[in-house]
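A.B. asks: requesting a structural model of the entry that follows:
(2 chains)
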Amino acid sequence: DVKVTQSSRYLVKRTGEKVFLECVQDMDHENMFWYRQDPGLGLRLIYFSYDVKMKEKGDIPEGYSVSREKKERFSLILESASTNQTSMYLCASSLLLGRVKDSPLHFGNGTRLTVT
Amino acid sequence: DQQVKQNSPSLSVQEGRISILNCDYTNSMFDYFLWYKKYPAEGPTFLISISSIKDKNEDGRFTVFLNKSAKHLSLHIVPSQPGDSAVYFCAASAYDKIIFGKGTRLHILP
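C.D. replies: Now for the predicted structure:
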């Protein structure tokens, strides 16, 4: 079974802090994704990466950056946290990009971030 | 501008009956559709999918129907069980992107 591990389940940070959310997958997947889930808005894609050191913007990249130095690890960075970034953050991985039928997304359990 | 719409935020169904969750989409380029299930405090898990060239896919108690002309898909769960109580996300894929709907919370009543 694919395991996607997010380092923190709950995080509380202050406005203006730099925040790192870490995600590790153990199945040698090529692609990794960061989503946020908000009530009434569903899952929205922030960034994704299809290879080491490669990244692509999703639908809502503003206020975020990412880092993928190793294949198994994908970090989401909030450069200066704001209260509107309070949310549930979900990391996911998949084997093949553009081949959704062969490789559905596998999600971690999420990090609930509160920015005060 | 929502490309994938789940218009029912919640649905309650008696245990043993059929649960039908609906999803509409606007983008004709979507070629693959998926359903994910999410329990509280867990990440979504893949449930079932369907290619745009098919109109039905069945996996045990779960069946997904696709009506391309209406740009509509539905997930049928029969019979519904207590463990089916969760949030269900419809998703659609075109090229490299997967777009999710807002989700429908399903309550299975005893």
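A.B. asks: in chain B, what residue is nearest chain A?
C.D. replies: Per C-beta to the nearest C-beta, the residue of chain B with the smallest distance to chain A is B:G43, at 3.1 Å. Backbone N, C-alpha and C define where each C-beta goes, glycine included.
A.B. asks: what about the strands in chain A?
C.D. replies: Secondary structure of chain A (DSSP state E): strands at A:4-6, A:10-13, A:19-25, A:31-38, A:42-49, A:56-57, A:64-70, A:73-78, A:87-94, A:106-107, A:111-115.
A.B. asks: next, format those strands as CSV and append distance to chain B and mean pLDDT.
C.D. replies: Compiled in CSV, the strands of chain A are given as follows (distance: least, C-beta to the nearest C-beta, whole Å; pLDDT from 0 to 100):
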stretch, distance to chain B, mean pLDDT
strand A:4-6, 7, 95
strand A:10-13, 10, 96
strand A:19-25, 11, 97
strand A:31-38, 8, 93
strand A:42-49, 4, 92
strand A:56-57, 8, 92
strand A:64-70, 16, 96
strand A:73-78, 14, 97
strand A:87-94, 6, 94
strand A:106-107, 3, 92
strand A:111-115, 8, 96
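A.B. asks: can you lay out these as a markdown table showing distance to B:V87?
C.D. replies: A markdown table is the format used below for these (distance: least, C-beta to C-beta, whole Å):
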| stretch | distance to B:V87 |
| --- | --- |
| strand A:4-6 | 18 |
| strand A:10-13 | 19 |
| strand A:19-25 | 21 |
| strand A:31-38 | 9 |
| strand A:42-49 | 9 |
| strand A:56-57 | 26 |
| strand A:64-70 | 24 |
| strand A:73-78 | 22 |
| strand A:87-94 | 12 |
| strand A:106-107 | 13 |
| strand A:111-115 | 15 |
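A.B. asks: residues contacting residue 63?
C.D. replies: Looking at chain A here, since you left the chain open. A:78-80, A:82, A:85 (C-beta atoms under 8 Å, 6 or more residues apart in numbering or on different chains).
A.B. asks: um, chain B though
C.D. replies: B:48, B:56-57, B:75-76, B:78.
A.B. asks: show me the shaky parts of chain B.
C.D. replies: B:1, B:96 (pLDDT under 70).
A.B. asks: pick out the residue nearest the middle of chain A.
C.D. replies: Nearest residue to the geometric centre of chain A (C-alpha atoms, centre = their mean): A:W34, 2.4 Å.
A.B. asks: any idea what that one is bridged to?
C.D. replies: Per DSSP bridges, the residues bridged to A:W34 are A:Y47, A:C91.
A.B. asks: wait, doesn't it sit right on A:L43?
C.D. replies: No - here A:W34 does not reach A:L43: they are 10.5 Å apart, not a contact under C-beta atoms under 8 Å.
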